[in-house]
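Novice: quick check, what structure comes out for this input:
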Amino acid sequence: MEKIRIAIAGLGNCASSLVQGIHYYRDKNPDEAIGLMHWEIGGYSPADIEVVAAFDIDQRKVGKDVAEAIFSPPNCTTVFCSDLPQSGVRVHMGRILDGISEHMKDYDDKYTFVPADEPQPAKEDIVAILKESGAEILLNYMPVGSEEAAQFYADCALSAGVAFINNIPVFIASSPFWARRFKEKNIPLIGDDIKSQLGATITHRILTDLFKKRGVKLERTYQLNTGGNTDFLNMLNRHRLASKKRSKTEAVQSVAACRLASENIHIGPSDYVPWQKDNKVCFIRMEGKLFGDVPMNLELRLSVEDSPNSAGVAIDAIRCAKLALKRGVGGVLEAPSAYFCKHPPRQFTDDEAYRRIERFISEDSGVTHEMPDYRRWEGQQVGAKGLK
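Specialist: Residues are numbered from 1 along each chain as shown. Just a heads-up that it's a prediction; the model follows:
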């Protein structure tokens with residue numbers, strides 16, 4: 001098989017886990033492939049993915065080989081594959097825009113970004129790098145709340161003619177404006193806000209759906225998360241957190257029997273605990289009524305290494321984007337977006353999303369050719385706010 005050539009914008013913990021995973025599974029066979037949802041998609045295994053371009057803004061990463069940069073501070077995720085060969089791909093300086101929150105300048109360098117003292121590239125420079133590298137797919141790993149930066153890289157993908165996977169809760173795939181532009185150019189788009197393989201949101205959704213199927217009335221629920229990586233530090237800025245809370249909340253509300261009033265549902269990152277590093281701890285509580293209006297409650301604590309948990313999903317999303325490229329299908333990929341992301345244009349239950357992604361992988365009829373119906377999303381972003 002030919003390689004799937006990807007570019008990465010933002011070499012943080014999630015990108016580190018993804019690159020490690022590509023090499024970790026390289027010497028495995030299907031029987032040893034623990035932790036993958038699919039060993040093979042369209043004939044492609046994880047080892048068929050190749051990083052051909054990368055962008056970051058931290059002086060400890062810019063200019064280094066990707067194989068070295070993914071282990072540079074402030075990255076703190078688990079190292080499960082340290083023996084990486086040099087990739088021959090140097091990290092390019094990216095555009096900062098709103099990629100760094102002001103409050104993070106007050107923290108020690110080992111916890112936050114150290115902007116490289118290099119000129120920031122113009123859009124034309126990024127596009128040229130994408131084209132010259134032969135990249136087919138661009139993954140967006142900007143920090144939460146980076147609306148301008150996310151839209152900038154989406155625009156670069158459009159100009160370079162490469163597919164775009166939006167892993168963060170800035171609404172690209174679920175914005176009619178952006179979805180229409182990708183559709184018009186027949187370029188695949190997957191988003192928004194990647195779900196973890198077995199994380200807080202997918203667990204909360206499954207339990208909420210279980211309440212519905214078993215006739216239990218859900219009355220109140222919360223999901224509280226703490227972590228010590230740069231993502232959690234970034235989200236101490238409550239303004240930057242807004243899109244993340246909306247994405248996670250809608251993911252749960254969409255599978256409830258009845259939507260809960262806003263005062264009865266609270267979902268979102270709660271605090272930054274430095275010593276947790278890339279470990280995320282989630283607390284879920286659900287209160288409801290059983291047969292005879294008898295009250296019940298459920299409490300759950302989940303502890304996961306945050307970044308490998310998302311990389312297991314990204315590695316499938318990449319291969320699905322490649323299938324769309326081979327099939328000549330562009331615009332929002334509905335089934336991959338619904339299965340892999342918290343805030344797709346159209347929500348399905350996880351059972352239905354699973355059936356749709358399996359059809360997408362196995363046959364062309366699983367690909368959605370029509371534009372999704374965005375009218376169901378109230379208050380949706382429809383413009384290119386902050387685009388530069």
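Novice: can you pull out the helices in the stretch 1-150 of the chain?
Specialist: Secondary structure of the stretch 1-150 of the chain by DSSP state H, counting those that start in this stretch: the helices cover 13-24, 66-69, 123-133, 147-160.
Novice: what's the closest of those helices to Ala338?
Specialist: Closest approach to Ala338 among those is made by helix 147-160 (19.4 Å; CB to CB). C-betas here are computed from N, CA, C, even on glycine.
Novice: contacting residues for Lys326?
Specialist: Contact analysis of Lys326 by CB atoms under 8 Å, 6 or more residues apart in numbering lists Gly42.
Novice: mind listing what's buried along whichever strand or helix holds it?
Specialist: Per DSSP states H and E, Lys326 falls inside helix 306-327. Residues 306-325 are the ones in helix 306-327 that count as buried (16 or more other CB atoms under 10 Å).
Novice: hang on, Asn186 packs against Ala324?
Specialist: No: Asn186 lies out of contact with Ala324 (CB atoms under 8 Å); the separation is 9.7 Å.
Novice: what is in contact with these two at once?
Specialist: Gly330.
Novice: still on that earlier bit, who does the helix or strand following the helix holding Lys326 pair with, and is each partner parallel or antiparallel?
Specialist: For helix 306-327, the succeeding helix or strand toward the C-terminus, using DSSP H and E, is strand 331-332. Here strand 331-332 is paired, per DSSP bridges, with strand 188-190 (parallel).
Novice: would you mind measuring from the nearest residue to Leu84 once chain neighbours are set aside to Ala15?
Specialist: Counting by CB to CB, 6 or more residues apart in numbering, Leu84 lies nearest to Ala67, which is 4.1 Å off, once chain neighbours are set aside. The spacing between Ala67 and Ala15, counted by CB to CB, to the nearest Å, is 12 Å.
Novice: so which of these two has more stuff around it?
Specialist: Legend: neighbour count by other CB atoms under 10 Å for Ala67 and Ala15, higher for Ala15 (28 against 19).
Novice: list the contacts for Leu218?
Specialist: Contacts of Leu218 (CB under 8 Å, 6+ apart): Thr208, Phe211, Lys212, Ala256, Ala257, Cys258, Leu260, Met286, Glu287, Gly288.
Novice: switch to 10 Å and redo it
Specialist: Leu218 makes contact with 207-208, 210-212, 252, 256-258, 260, 264-265, 286-289, 298, according to CB atoms under 10 Å, 6 or more residues apart in numbering.
Novice: give me the buried entries from the residues you listed.
Specialist: Neighbour-count burial (16+ other CB under 10 Å) is assigned, among the contacts of Leu218, to Leu207, Thr208, Phe211, Lys212, Val252, Ala256, Leu260, Ile265, Met286, Glu287, Gly288.
Novice: so which of these belong to strands?
Specialist: Ile265, Met286, Glu287, Gly288 (DSSP state E).
Novice: tell me the pLDDT at the last one?
Specialist: pLDDT, the model's per-residue confidence, is 98 for Gly288.
Novice: residue nearest the centroid of this structure?
Specialist: Asn167 (2.4 Å; CA atoms, centre = their mean).
Novice: return the distance of it relative to Pro295.
Specialist: Taken as CB to CB, the span from Asn167 to Pro295 is 39 Å.
Novice: quick one: Arg240 is in a strand?
Specialist: No: assigned with DSSP: H, G, I helix; E, B strand; the rest coil, Arg240 falls outside any strand and is helix.
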